[in-house]
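Trainee: pasting the structure only:
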């Protein structure tokens, strides 16, 4: 039995968790910064670092208390090494190093993207068959990986510009909705016609498994400019100033049917791009299972479309709590390294652009 404390601080969530044997979550605490960054329409790196500094001690302490263990009960500490915001990464990494130094515990550096894959693997509990296909899709990442037995990775495709979740948030902001825009657009999408606005799929030169969402984002902007939506968008922005977290019902009152159709068409196009390239990648590697993880894995439209796609391999999504950034996934990924004896020393550095394969 091995208990690992995981610490995650790659972006705007300060998180800590204790996981036993890579599967049993004893605690998982997340402190979000949505309210801090919402007024700016996106994450402000300097503010994120300061909020991590304010929250890290309390979050780790609560994770240990909920798990019912002390530092003497831990076998290792796993920290997110990257990718992410360097200032944010440094907070969690430095805190983890301090615990390891003072308690004589092994330190394990974890790739944030691998953590998202293990968010699914820990819940699949042995049902994952290899080779597996992994789609990691969030505000910062859109990657396709082949996962081999023993969790070895080969990069198959990635976004060349905006990540899918980033495109959602930027389109949400463009249309006058609160940050983060992704959950708002997903909630409104079922009320529109996804075939009403025809967006052209991205045509990729070179690697056909790569993604691109910048052109789609620009196409939405051109549609907005051509349909005189300034007044409508202005009303939503004014509403947001005094209503930081409107309900879907309130958004529907402020959203005409034509805009709902635009939102549904945007979501339909994003999902089609994700599914089309995932299916092609799965065929290429002879996948026996498919993992979808990252913040966009919470998207109800994507989950429904993936389950209706009748793919020749089973699809695994994480529970919503493990889809977004959390530390349980970092501890689960660290457990694999713990078993291999892949420990880091105190020269471990935060790497904003750390790659997985």
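Mentor: Structure's in. What do you need? All values derive from a computational prediction rather than experimental measurement.
Trainee: can we go C-alpha only for contacts and neighbour counts from here?
Mentor: OK.
Trainee: Pop the domain breakdown of the protein in here.
Mentor: Using automatic domain parsing, the domains assigned to the chain come out as 3-120+322-340, 130-313.
Trainee: Can you say which of the ones you listed is packed in most?
Mentor: Ranked by mean neighbour count, the domains of the chain are led by domain 3-120+322-340 with a mean of 22 (mean count of other CA atoms under 10 Å).
Trainee: By mean pLDDT, point me to the weakest helix or strand of the protein.
Mentor: helix 34-37 (a mean of 82; mean pLDDT, DSSP states H and E).
Trainee: After that one, which helix or strand is next?
Mentor: helix 45-67 (DSSP states H and E).
Trainee: Downstream of that following helix, the next helix or strand is which one?
Mentor: strand 76-82.
Trainee: Direction included, what does that next one pair against?
Mentor: strand 3-8 (parallel), strand 107-111 (parallel) (DSSP bridges).
Trainee: and the next helix or strand after that strand, what does it pack onto?
Mentor: Later in the chain than strand 76-82, the nearest helix or strand by DSSP H and E is helix 86-103. If you count contacts as 3 or more CA pairs under 8 Å, 6 or more residues apart in numbering; DSSP states H and E, helix 86-103 packs onto strand 3-8, helix 45-67, strand 76-82, strand 107-111.
Trainee: Please repeat the previous calculation with a cut-off of 10 Å.
Mentor: In terms of contacts (3 or more CA pairs under 10 Å, 6 or more residues apart in numbering; DSSP states H and E), helix 86-103 is packed against strand 3-8, strand 13-20, helix 45-67, strand 76-82, strand 107-111.
Trainee: and the angle from the third one to helix 86-103?
Mentor: Helix 45-67 and helix 86-103 meet at an angle of 40 degrees, taking axes from the mean of the first three to the mean of the last three CA atoms, to 10 degrees as the criterion.
Trainee: how about the domains of the chain in CSV, adding distance to residue 356?
Mentor: Formatted as CSV, the domains of the chain follow (distance: least, CA to CA, whole Å):
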stretch, distance to residue 356
domain 3-120+322-340, 7
domain 130-313, 7
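Trainee: right, and those - which one's nearest residue 357?
Mentor: Proximity to residue 357 (CA to CA) singles out domain 130-313 among these, at 5.4 Å.
Trainee: The closest one: how far from the chain's middle?
Mentor: Taking CA atoms, centre = their mean, to the nearest Å, one finds the center of domain 130-313 at 12 Å from the center of the full chain.
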